[in-house]
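Participant: Sequence and predicted structure below; questions after.
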Amino acid sequence: MKGETKHSRLTIDDRMVIQACLHNNQSITDIATRLKVNKSTISRELKRNAIFKKGIDIPCKTKGSNLVCNTCKKKSFCQRSKIYYNYVEAEKKACLNKRPTRSRPKIDEGSIQSVDEIVTDGVHLGQSLHHIYVSNPVLTKFCVERTIRRLCYRGNLSIRPHELRRYVTYKRSYTKTPEESGLRDIRVLIGRTYKDYLNYVKHHRSTHVVQYDSLIGKKDDKQAILTITFPKSNFQFGLLIKKGSSASVNSHIKRLFRILGSETVKRFFPINLADNGVEFSSFNEIEVSEDGEKLCNCYFTTPYRSTDKAECERNHGLVRYVLPKGKSLDSLTQKALDEVFSHINSYVRKSKGDKPPYDLVKRQLGVEFLKLINIRKIPNKKVRLKAII
């Protein structure tokens, strides 16, 4: 019996893993095994989407073992032909090479010209496409109304989409250009991508998940807020850190882990999901304690995709009620920040059966945990979510 073969394109997450493995000097076979694809898929990816720089055609023994010149120490003065792999550029090339099946109109040029003359005259009179289509039976011989609109959007007609009635009143999604991750060493992504996270959670559904992100005030601030969220209860608390400092993030998290104790960390912080920003460039270091003991697992979200940690982002909306965006956080103290999150966690949530996150965490993790992180219960009538800065 033949096994099922999956024919799917490589995603930007897969390309991140490919680059990380290449930096780790892994072979095509090892990369293909990790991504569960054929070796030819990786070979074609490097052939089609890598960046080539011409030079002297002399064989290079170093490149033969490393496949690419990304980590070669001699690349700055080497005059041979070079090959570099960058997942962002590879994703751009792959998107350009895609050929949608319906990208070209099936109507001949003569018919398009006839449609163009009728539609252009009607639009210039302020008519909608529907009115033009119904009023001109000649158009029904060529196509349906949707085809005319599609021709307009693709630029096959003389009129532009913004000339249509009510076009600008509707929101439209635009494809964003992929941006590079803020991680300094992309090799930390091996086994820690969002896909790996989903796979791990799938087999450990009852395990606690903790989400991490950072909040900033002004661009020139020296301080930022590290937010730590428990998605199941919408509970969130924060720590003041140095803005843009991965060392500050790690030191604060390790200090928190020391206060809680290794057993508590293993129980309440087994799965940790962080943003791909600069602050978390060495986030994987919290997995192991100073004694070399494995405490937890760390994973990274997809770059610039906030939906991967939606619960964390939703809570940030409440934080912005009290600490508005654009206001400086340099004058904020940890005591004041604890008070802010005490009010937020005492705020009743409809999605949780009209219960505040504080009560849910108290039942799940206990009162001692809440005391250790300095979060207290605020009476319902005294909860305040007004700006303090």
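Facilitator: Here it is on my side, so go on. Residues are numbered from 1 along each chain as shown.
Participant: How many residues are close by residue 203?
Facilitator: Taking other CB atoms under 10 Å as the neighbour definition, residue 203 ends up with a count of 7. Yep, even glycine has a C-beta here, placed from its N, CA and C like the rest.
Participant: and what of residue 243?
Facilitator: Applying other CB under 10 Å, we find 21 residues neighbouring residue 243.
Participant: Touching, it and residue 224? I think so.
Facilitator: Yes - contact criterion CB atoms under 8 Å: residue 243 and residue 224 qualify, at 4.1 Å.
Participant: okay, and the common contacts of those two?
Facilitator: Contact with both residue 243 and residue 224 is made by residues 214, 216, according to CB atoms under 8 Å, 6 or more residues apart in numbering.
Participant: my read: residue 80 touches residue 55, true?
Facilitator: Yes - counting by CB under 8 Å, residue 80 does reach residue 55; the two are 4.9 Å apart.
Participant: Which parts of the chain are strands?
Facilitator: Listed from the start of the chain, the chain has strands (DSSP state E) covering 51-53, 82-84, 209-215, 223-230, 235-242, 271-274, 297-300.
Participant: among those strands, which is nearest residue 12?
Facilitator: Distance to residue 12, taken as CB to CB, is lowest for strand 297-300 among the strands of the chain, at 12.8 Å.
Participant: Between residue 80 and residue 55, which is the more surrounded one?
Facilitator: Between residue 80 and residue 55, counting by other CB under 10 Å, residue 80 is the more crowded of the two (18 against 12).
Participant: contacting residues around the more buried one?
Facilitator: Taking CB under 8 Å, 6+ apart as the definition of contact, the neighbours of residue 80 are 55-58, 60, 63.
Participant: Kindly recompute the last result at 10 Å.
Facilitator: Taking CB atoms under 10 Å, 6 or more residues apart in numbering as the contact definition, residue 80 lies against 53-60, 62-63, 69, 72, 74.
Participant: Likewise for residue 352?
Facilitator: Residue 352 makes contact with 232-235, 359-360, according to CB under 10 Å, 6+ apart.
Participant: Could you tell me how far the residue nearest the centre of the chain is located from residue 13?
Facilitator: Ranked by distance to the mean C-alpha position of the chain (CA atoms, centre = their mean), the top residue is residue 305 at 2.6 Å. Distance, residue 305 to residue 13, by CB to CB, to the nearest Å: 10 Å.
Participant: shared neighbours of these two, anything?
Facilitator: What both residue 305 and residue 13 touch, as defined by CB under 10 Å, 6+ apart, is the set residue 194.
Participant: The stretch 201-350 of the chain: helices as residue ranges?
Facilitator: Taking DSSP state H, counting those that start in this stretch as the criterion, the stretch 201-350 of the chain contains helices spanning 246-260, 262-268, 310-322, 334-345.
Participant: Report the mean confidence score over the longest one.
Facilitator: I take that to be helix 246-260. The pLDDT scores in helix 246-260 average 93.
Participant: chain center to that helix, what's the gap?
Facilitator: For helix 246-260, the gap between its own C-alpha mean and the chain's C-alpha mean amounts to 24 Å (CA atoms, centre = their mean, to the nearest Å).
Participant: Show me what that helix is packed against.
Facilitator: strand 209-215, strand 223-230, strand 235-242, helix 262-268, strand 271-274, helix 367-372 (3 or more CB pairs under 10 Å, 6 or more residues apart in numbering; DSSP states H and E).
Participant: Among those, which comes closest to residue 320?
Facilitator: Among the helices and strands packed on helix 246-260, strand 209-215 comes nearest to residue 320, with 8.2 Å by CB to CB.
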